[in-house]
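> Got a predicted model here, sequence first, then my questions.
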Amino acid sequence: MLKRISTLPELGFAVPTQEITQKKQILQLAQHLIRKSSISPSDQGCCDLLAERLEKIGFEIEFMNQGSVLNFFAIKKGHANSVKRKMLIFAGHTDVVPPGQNAKWMTPAFIPVIKGGFLYGRGAADMKGSLAAMIVAIEQFVSEHPEHQHDLGFLVTSDEEGEAQHGTKHIVDILRSRNQKIDYAIVGEPTTDKTLGDSIRIGRRGSINCKIKVHGQQGHVGYPDNLINPIHKTAKLINKLSHKRWDMPSRYFPSTSCQLVKVHSESGVLNVTPASLDLWFNFRYSPRNDFEHIKSYVNKKISKYAIDADIEWQHEAEPYLTKRGKLRKTLQKVIHQETGIKPKLNTAGGISDGRFIKNIASEVVELGPSNKTIHQANERVNIEELNQLSSLYQKILTELVLNK
């Protein structure tokens, strides 16, 4: 049977009514989510909105909130017997970073605006647009395949952009205590560089934060023999850490890098040297390195340069890599079939909640829209890109969940 056709004047060509409806649903849901000023870890009703949509199509919703953080895990069981059933989940976050002080927004950050084919608003790309694309894709899939054989899941948190300790990590801890296994996990982080599907994340680097408080001796700048300037004292250390070749790059991981991200020292006046200096470093490291090795090296250099310092360490994330398997191959196949692009597999970008999900999932990948404007003023997403993303999600579902 042929689908009923409607003509949209603004598009200039005939498209199926069903396709028009899906596009409207994606856009409307993304707009609803952007209107909610869910600055991390606040959710502002986003989780309730998503859970309600999923419940209507047969998902069982379990809220796993912790403190002020809202989380839920939703599941819709398939029709195969328990031995043969596999599980695919979508994962994402409703929280966003603040609009920023004195940021040059053309429109209010939490009022969605359509301009030039783009949807503007905080979270449009990271990652409320992805959530809308996922929800509509899964709604359409369930509508077309109510007797799907394998399990579907949805994992959502409002604590990804902040501390990230009471969100996905908390959900995963609960699921792991129940011996819940996940076969395939797709995280909707913005991964696209230029064209949708050109890049997918198959892992992430590890992340270490290091705060070094250097102690000196305050003194008059005119009497250098009577003072210890902590800024001068650390010059060699900063140079050494920032220029060191920590390891060699591998196929999917660049070399480990060290960045000085914050410096603070203050004496109050210009003719007195400070008594102390605070330095904050971040290390992004590959599987060819590890936390203990980096920590040991920094300590040795501090000792070598005779620096009197207190050091605080925060190990944010370990590196991980999803090896070649059915999920990776399916994404590559679907993206190539639908776009003609052969996606680049990489571990670029920051850290994501994939680092927690990999503890219970056999395969974790990230696929989402353009990351060009994330965390910036005038954050935006191409509306047609969202439509294409939802279509990709739906076709991936068909490949993995529908038992042909």
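Great, that's in hand.

> wouldn't residue 384 be in contact with residue 116 here?
No - Residue 384 sits out of contact with residue 116 when judged by CB atoms under 8 Å, with a separation of 11.6 Å. For every residue, glycine as well, the C-beta is placed using N, CA and C.

> Those two: which is more packed in?
residue 384 (12 against 8; other CB atoms under 10 Å).

> Name the helix or strand for the more buried one, please.
Take DSSP states H and E as the rule and residue 384 turns out to sit in helix 383-401.

> Okay, buried residues for that helix please.
For helix 383-401, the neighbour count (16 or more other CB atoms under 10 Å) marks 383, 385-401 as buried.

> Kindly report the same for stretch 109-122.
Those would be 109-110, 112-113, 118-122, for stretch 109-122 by 16+ other CB under 10 Å.

> Greatest separation within the residues you listed: which pair is it?
With distances taken as CB to CB, the most widely separated pair in those is 110 and 118, at 16.3 Å.

> contacting residues around the residue nearest in space to the middle of the chain?
Centroid-nearest residue in the chain, with CA atoms, centre = their mean: residue 352, separated by 4.0 Å. By CB atoms under 8 Å, 6 or more residues apart in numbering, the residues touching residue 352 are 160, 187, 189, 201, 204, 366.

> I'd say the fifth one and residue 318 touch.
No - between residue 204 and residue 318 there is no contact under CB under 8 Å: 9.2 Å.

> Mutual contacts of the two, please.
Common neighbours of residue 204 and residue 318 (CB under 8 Å, 6+ apart) are residue 355.

> Test my guess that residue 276 contacts residue 212.
No - assessed by CB under 8 Å, residue 276 is found out of contact with residue 212, at 10.5 Å.

> Who has more neighbours out of the two?
residue 212 (22 against 18).

> Would you mind giving the domain segments of the chain?
For the chain, automatic domain parsing gives the domain ranges 5-204+319-401, 208-316.

> from the ones you listed, which stretch is densest packed?
Highest mean neighbour count of those: domain 5-204+319-401, a mean of 19 (counted as mean count of other CB atoms under 10 Å).

> tell me the mean pLDDT for it?
Averaged over domain 5-204+319-401, pLDDT sits at 93.

> Need phi/psi at the nearest residue to residue 142 once chain neighbours are set aside.
Spatial nearest neighbour of residue 142, chain neighbours left out: residue 57 (4.7 Å); criterion: CB to CB, 6 or more residues apart in numbering. When read as degrees, to the nearest 10, the backbone of residue 57 gives phi -110, psi 20.

> just the one 10 residues further on next, same as before
For residue 67, the backbone dihedrals are phi 60, psi -130 (criterion: degrees, to the nearest 10).

> Please list all residues in contact with it.
residue 166.

> Need the contact partners of stretch 129-142.
Contacts for stretch 129-142 (CB under 8 Å, 6+ apart): 22, 25-27, 29-30, 33, 46, 50, 53-54, 57-58, 76, 90, 92, 94, 119, 123, 148, 152, 154, 156, 186, 188-190, 368-369, 381, 386-387, 389-391, 393-394, 397-398, 401.

> can you redo the contacts of residue 352 as CSV with secondary structure?
As requested, the contacts of residue 352 are exported to CSV (DSSP: H, G, I helix; E, B strand; the rest coil):
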residue, secondary structure
160, coil
187, strand
189, coil
201, strand
204, strand
366, strand
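
> wait, isn't residue 363 in contact with residue 324?
No - when contacts are counted by CB under 8 Å, residue 363 is not listed as touching residue 324 (9.4 Å).

> hang on, the earlier thing: and the helix holding residue 384, what does it pack onto?
Using 3 or more CB pairs under 8 Å, 6 or more residues apart in numbering; DSSP states H and E, the elements in contact with helix 383-401 are helix 17-35, strand 87-93, strand 118-120, helix 129-144, strand 182-187, helix 326-339.

> tell me which strands and helices the second one is in contact with?
Here strand 87-93 touches helix 129-144, strand 151-157, strand 182-187, helix 383-401, going by 3+ CB pairs under 8 Å, 6+ apart.
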